[in-house]
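K.L.:
Provide a 3D model corresponding to the input given below.
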Amino acid sequence: MGVPLRNLICISIFVSVVLFSLPNSLKAQASPPAVSADIIIQHDVPMKTRDGVTLYADIYRPKSSEKFPVILMRTPYDKSVDWAVAPAFRIVPRGYVVIIQDVRGRYTSEGEWYPFRHEQADGYDAVEWAASLPYSDGKIGMMGASYVGATQMLAAIAQPPHLAAIAPNMTASNYHDGWTYQSGAFEQWFDENWTSQLAQNTLTRLIDENTNALVGVPTLPLIDYPVFNFGQLPANAQLTQKLAPYYLDWLAHPDYDDYWKQWSIEEHFSKISVPMLQVGAWYDIFNAGTLRDYMGAKKYGATEAARTQQHLLIEIGGHAGFGRRIGDVDFGPHATENGYTNVILDWYDFLFKGIQNEFATDKPVKLFVMGANEYRQEDDWPPPQAKFTKYFLHSSGKANSLRGDGSLSTSSPKSETADTYIYNPANPAPTIGGPLCCDEKHMEPGPRDQRAVENRDDVLIYSIGPLSHDLEVTGPVTADLYVKSSAVDTDFTGKLVDVAPDGFAQDLTEGILRMRYRASPEHAELMNPEQVYEITLDLWATSNVFLRGHTLRLEISSSNFPRFDRNLNTGEEIRFERNYVAATNTVLHDAQHPSALILPIMPAAQ
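P.N.:
Reported below is the predicted structural model:
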């Protein structure tokens, strides 16, 4: 077979994509209250970077001759939008200066936009500039979500002297694994629509500079997403190179190489010297990064403050939504207890003003426990009392779909027939919900009913239940699998699911592994067809009580599309791959190959 299916280098991602960088819940027009006479607002205040580029910021400050701590936000999403501005009118009356700055190459600021590249140096310069302002007391904190969280992490590893703390919300720790790729698979849904949104401002800036540039109109003709990976799509990358050269660079660097390591937070935990409040969410696309940042800074931080003053808050939806209802699930009244702005204010009141609030008295980790639908405090992450328990895969070789005989138990397997399915890239298992960003109109995120996927023969189903008692799983989830394939490369995907008595199959957490990266994210290594490999499938983490009468389920397949690009099974580089082959993929579970789901089981409440 030889049809051009891969749409990784194509101008259509910019000329036919609806622009969204954040979920609708973040972009809601939350109009700020009437400006108080006690707040002074200064628009477009210039700051010169070390290399002579001018960045512009809006400043919101108390009308007072006193000096105040500063909370800085550095954003690529436009410093003047309502959802960025609204918190300032709640923060300033508490005795803070708020500065919102457009990062380099975005909106009012000069320079060339390239994700991550300038945020260390520019973040350092912005912190020190803010500290020098006449109304600043020299204590600088930072806040913000998504890429605005990345600007905090990158500033922190640059170690500006006046940076006193940060509060990253829903952001990554490694911009290769967990932003652009995940375990070798390209994060297609996020990478394409996020990049396309960013290209809009780039195009507008180019036209502002030269009215004859590019297509000569102020907006791209954005209508609908292309049908990802199906049919022939334009291969001309000229417009992509003009508007988003970094997208092509991402594709050119599928390995975790020096291109990524130069700004990977995980490579630089030892440079972090400030306290951090990490905020994430179970259905957030960057939640693994949030957890890694917390653990990494606590273990490797440069100072005692960095190692001991780490706090972690995990909510429910994040980029997948806010409120008590996320996706198809109502998580109850406790879901709305923690508002981000309120938590951030308490964090900085504690650090900068010595106010003895919950950050002085509570445990450092607060998690929303799904199923129980309430917040709980923990001493650490992962919770030290969790017991990692193996649930072995079983079947008579017919675990395919809900009609199959796959099961889970704590009893190890003996002599059992392996499970086999055909993974055909022309008909991949589709994405249904999960930790998606950023366009809810075209792909609904969050917990969704998985039965449509589970009815496919290319999805293996292993279940235990209905349970006779409540079972809490809180912590990282993995699957140790013994697998083989007829192809030289393929993917294996996994998903942990909570099945209610009425059959509703709620996705909890999921993962993927591109087999060429099974040994290392740094070097691709193709498989030998039909050779058995032991792999660890990282399903990220969750906190969920499987209630009595519910069923605990593991799904195994080879695609989750279009969240991740389809593996065409040929082993070719993804930039150039066009042909595909179907793969016969196998999961073994016998005495010599004890495949198992490994769950962090919490002790029963006393």
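K.L.:
got phi/psi on the most centrally placed residue in the chain?
P.N.:
For the chain, the residue nearest the mean C-alpha position is Phe286 (1.8 Å; C-alpha atoms, centre = their mean). Dihedral pair for Phe286: phi -110, psi 20, per degrees, to the nearest 10.
K.L.:
mind listing what it touches?
P.N.:
By C-beta atoms under 8 Å, 6 or more residues apart in numbering, Phe286 lies in contact with 146, 149, 170-172, 178-179, 280, 318-319. Just so you know, the C-beta spots here come from the backbone N, C-alpha and C atoms, and that holds for glycine as well.
K.L.:
what about those, which are in strands?
P.N.:
Assignment to strands by DSSP state E places the following of the contacts of Phe286 there: Gly280.
K.L.:
what is the end-to-end distance of stretch 75-86?
P.N.:
End-to-end span of stretch 75-86 (C-alpha to C-alpha, to the nearest Å): 14 Å.
K.L.:
make that stretch 158-171, sorry
P.N.:
18 Å.
K.L.:
for stretch 98-112, same thing?
P.N.:
End-to-end distance for stretch 98-112, by C-alpha to C-alpha: 25 Å.
K.L.:
what does stretch 147-167 give?
P.N.:
13 Å.
K.L.:
tell me which residues in it are buried?
P.N.:
Residues 147-160, 162-167 are the ones in stretch 147-167 that count as buried (16 or more other C-beta atoms under 10 Å).
K.L.:
then stretch 384-398?
P.N.:
By neighbour count on 16+ other C-beta under 10 Å, the buried set for stretch 384-398 is 386, 390-395.
K.L.:
after the host helix or strand of Asp498, next one along is what?
P.N.:
Using DSSP states H and E, Asp498 falls within strand 491-499. Per DSSP H and E, the first helix or strand lying C-terminal to strand 491-499 is strand 505-514.
K.L.:
gap between that following strand and the chain center?
P.N.:
Mean-position distance between strand 505-514 and its chain equals 13 Å (C-alpha atoms, centre = their mean, to the nearest Å).
K.L.:
and if you look at stretch 148-168?
P.N.:
19 Å.
K.L.:
how long is that stretch from one end to the other?
P.N.:
8 Å.
K.L.:
give me the mean pLDDT for it.
P.N.:
Here stretch 148-168 scores 98 as its mean pLDDT.
K.L.:
same check, this time on stretch 190-210
P.N.:
The predicted model assigns stretch 190-210 a mean pLDDT of 78.
K.L.:
now for this structure, the helix or strand with the poorest mean pLDDT.
P.N.:
helix 12-15 (a mean of 32; mean pLDDT, DSSP states H and E).
K.L.:
my read: Asn357 touches Val343, true?
P.N.:
No - when contacts are counted by C-beta atoms under 8 Å, Asn357 is not listed as touching Val343 (10.3 Å).
K.L.:
the two: who's more crowded?
P.N.:
Remark: of Asn357 and Val343, Val343 carries more neighbours, 22 against 13, as counted by other C-beta atoms under 10 Å.
K.L.:
buried residues in the longest helix along the chain, which are they?
P.N.:
The longest helix of the chain (DSSP state H) is helix 188-209. In terms of neighbour count (16+ other C-beta under 10 Å), helix 188-209 has its buried residues at 188-203, 205, 207.
K.L.:
could you say what helices and strands it packs with?
P.N.:
helix 12-15, helix 238-243, helix 245-252 (3 or more C-beta pairs under 8 Å, 6 or more residues apart in numbering; DSSP states H and E).
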